[in-house]
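J.: Let's see this in three dimensions:
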Amino acid sequence: MRAGSYLVVVTATDSFGDSSSASAAVTVSPRPQVTVTIAYTAATATFALTESATTGNFITSVAIDFGDGTSVQLSGPVLSVAHAYIAAGTYTATAVATDSSGATGSASTVFSVSGGASFTAPSTAAKNTVVSFDASASLPLGQIVTYAWDFGDGSGASGSSSTQTHPFSLAGTYNVRLTITDTSGRTSTLVKQITIT
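T.: Residues are numbered from 1 along each chain as shown. Below is the predicted model of the structure:
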């Protein structure tokens, strides 16, 4: 229903056909207006927001659902919010603004994030040689707290360094798994094969 003043009329009719009516004036308040745009870089997504309250009121809070299981509620009007996504995928971010009358308005944006866990390594190597793994291209930059490696031969390594080395003692094809974890406990995993000759 659009904002404005309306006359609501209710008519009741009984089983004998008798009827009675009553009316009342109802005012529907407009909702706050919200727009959300996004600029995504390799490290973070930055949301630009604009909010306008209903007449005679002001924005008291803005709640943002980032679409990845995390959200934030901020006081007053909000112009910009930055958020790091650790996993690639398509996300729907929603902002809900509330004004001093208690009215709410919302807007959403759908966007795709590329990245997540990533590493480089040779596809083949000789046994008993040291193989280097580099996960420095994993996203988001500066937000990863743990790089956990499973080399597929029963051994692994974990730490804050984005690089690792590992020798394979037996020939064969191994599935090397990297799992990165960010400061919020979210994870992203990538598996690549390496053939040892």
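J.: Show me where the protein dips below the pLDDT cut-off.
T.: 1-7, 26-31, 34, 36-44, 114-115, 140-142 (pLDDT under 70).
J.: tell me the domain boundaries of this protein?
T.: Following automatic domain parsing, one gets these domains for the chain: 33-113, 124-196.
J.: Beta-bridge partners for the closest residue to residue 78 other than its chain neighbours, please?
T.: Leaving aside its sequence neighbours, residue 78 sits nearest to residue 62 (CB to CB, 6 or more residues apart in numbering; 4.3 Å). For glycine as for every other residue, the C-beta is placed from the backbone atoms N, C-alpha and C. Taking DSSP bridges as the rule, residue 62 bridges to residue 74, residue 97.
J.: Check the gap between residue 62 and residue 93 for me.
T.: 12 Å (CB to CB, to the nearest Å).
J.: Ok, residue 143 next?
T.: Residue 143 is 17 Å from residue 93, by CB to CB.
J.: who has more neighbours, these two?
T.: Neighbour tally, residue 143 and residue 93, criterion other CB atoms under 10 Å: the higher count belongs to residue 93, 22 against 18.
J.: Was I right to think that one contacts residue 46?
T.: No. In this structure residue 93 lies outside contact range of residue 46 using CB atoms under 8 Å: 11.2 Å.
J.: Helix, strand, or coil at residue 8?
T.: strand (DSSP: H, G, I helix; E, B strand; the rest coil).
J.: does it really touch residue 23, like I thought?
T.: Yes. Under the criterion of CB under 8 Å, residue 8 makes contact with residue 23 at 6.5 Å.
J.: before we move on, which element is the residue in the chain sticking out farthest from the centre in?
T.: Checked against the mean C-alpha position of the chain, the extreme residue using CA atoms, centre = their mean is residue 16, at a distance of 60.3 Å. Assigned by DSSP states H and E, residue 16 falls within no helix or strand.
J.: Distance of it relative to residue 179?
T.: From residue 16 to residue 179 the distance is 75 Å (CB to CB).
J.: Over to residue 47?
T.: Distance from residue 47 to residue 179, by CB to CB: 28 Å.
J.: Of these two, which one has the most company?
T.: Neighbours were counted for residue 47 and for residue 179 using other CB under 10 Å; residue 47 has more, 21 against 17.
J.: Excluding covalently adjacent residues, which one is nearest to the more buried one?
T.: Residue 47's closest residue in space is residue 81 (CB to CB, 6+ apart), at 4.8 Å.
J.: and the one helix or strand the one you found maps to, C-alpha only, in CSV?
T.: Secondary structure assignment for residue 81, by DSSP H and E: strand 80-83. Extracted in CSV, the C-alpha atoms of strand 80-83 (Å, rounded to 0.1, in the frame of the first residue of the first chain):
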residue,chain,number,x,y,z
SER,A,80,30.1,3.3,3.5
VAL,A,81,30.8,-0.2,4.9
ALA,A,82,33.8,-2.4,3.9
HIS,A,83,33.6,-6.2,4.3
